[in-house]
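> Generate coordinates for the sequence data below:
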Amino acid sequence: MTNNLLVLAEYGTIGFLYLVLIPLFLCFWMNTRWNFMGKFERLLIYGFVFLFFPGLILFSPLLNLRMRGQGEV
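Sure thing, here's the model as predicted:
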């Protein structure tokens, strides 16, 4: 019984990391660095986006990569 709970806890932890924690970090990273990334950093981020695509789909409505304007006139 304890073995089963340990395995379920490990699966839950890995699932949480894969679907929530790492994609949220990637969204934050892309949102802050999108206009200033070098080519190798962008290539690395594209690889991570491919790898963590299911979790990023969950948080894609929160991601805004547009440049900020001049402010209100």
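
> Identify the residue nearest the geometric centre of the protein.
What sits nearest the mean C-alpha location of the chain, by Cα atoms, centre = their mean, is residue 23, with 2.0 Å.

> Apart from its neighbours in sequence, what residue is nearest it?
residue 55 (3.3 Å; Cβ to Cβ, 6 or more residues apart in numbering). All C-beta atoms are positioned from the backbone trio N, CA, C, and that covers glycine.

> host element of that neighbour?
helix 53-59 (DSSP states H and E).

> Kindly report the same for residue 22.
helix 22-33.

> Using CSV, write out every CA atom in that helix.
Presented in CSV, the C-alpha positions along helix 22-33 are these (Å, rounded to 0.1, in the frame of the first residue of the first chain):
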residue,chain,number,x,y,z
ILE,A,22,8.1,24.5,-15.9
PRO,A,23,5.5,26.0,-18.4
LEU,A,24,4.8,28.8,-16.1
PHE,A,25,8.5,29.6,-15.8
LEU,A,26,8.8,29.5,-19.6
CYS,A,27,5.8,31.8,-20.0
PHE,A,28,7.5,34.3,-17.6
TRP,A,29,10.8,33.9,-19.3
MET,A,30,9.4,34.5,-22.8
ASN,A,31,7.3,37.4,-21.6
THR,A,32,10.2,39.3,-20.1
ARG,A,33,13.0,38.4,-22.6
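
> need the next SSE after it, C-terminal direction.
Criterion used, DSSP H and E; the element after helix 22-33 is helix 39-51.

> Name the surrounding residues that touch that next one.
Contacts to helix 39-51, defined as Cβ atoms under 8 Å, 6 or more residues apart in numbering, come from residues 22, 26, 29, 30, 33, 37, 56.

> switch to 7 Å and redo it
26, 29, 30, 37, 56 (Cβ atoms under 7 Å, 6 or more residues apart in numbering).

> Pull the contacting residues for the first one.
Contacts here follow Cβ under 7 Å, 6+ apart; on that basis residue 26 touches 48, 49, 52, 56.
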